[in-house]
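# no FASTA, just this:
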């Protein structure tokens, strides 16, 4: 019996796969627990349309990530750090502080978990911080650490 899986089933297949299983397994387990639906024309068409929609959304997300990466390349974020006697820095700059400074300066939010710091930013100067916007898109954001 052919069924469309509604969720991942171990040793059978992934969600939205059309698989051939025994009739007893399909009726007594997969259909009863709502893990699958019969593979009739309407259900197959629904799965096909859902896959096309997911592909379209994924392409749009990739395009928007590429556009935002181009914007990030041209921007410089100013972050302030306390300094002691002789110009020595106190503490370091975290990803959370960079994300907040970016939002304050440019009005757009960056997830702090997507910032990849080279090391702790403990000294004054300009650093390049990688931002993972999408699995296929990584941008570089310039961060200037100045005295408070």
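On my side now, so go ahead. If you're wondering where the values come from, they're calculated on a predicted model, not measured in any experiment. Residues are numbered from 1 along each chain as shown.

# which parts of the helix ranked longest in the chain are buried?
Counting residues, the longest helix found in the chain (DSSP state H) is helix 41-73. For helix 41-73, burial by neighbour count (16 or more other CB atoms under 10 Å) applies to 43, 47, 65, 68, 69, 72. Glycine gets a C-beta too; all of them are placed from N, C-alpha and C.

# which other helices and strands contact the helix or strand following that helix?
Per DSSP states H and E, the first helix or strand lying C-terminal to helix 41-73 is strand 76-81. The criterion is 3 or more CB pairs under 8 Å, 6 or more residues apart in numbering; DSSP states H and E, and the helices and strands that strand 76-81 contacts are helix 95-106, strand 137-147.

# strand 76-81 vs strand 137-147, what angle?
40 degrees (axes from the mean of the first three to the mean of the last three CA atoms, to 10 degrees).

# please parse this structure into its domains.
2-64, 67-147 (automatic domain parsing).

# picking that back up, for residue 57, which of the helices and strands packed on strand 76-81 is the nearest?
Closest approach to residue 57 among those is made by strand 137-147 (15.5 Å; CB to CB).

# what's the closest one packed up against?
helix 41-73, strand 76-81, helix 95-106, strand 125-134.
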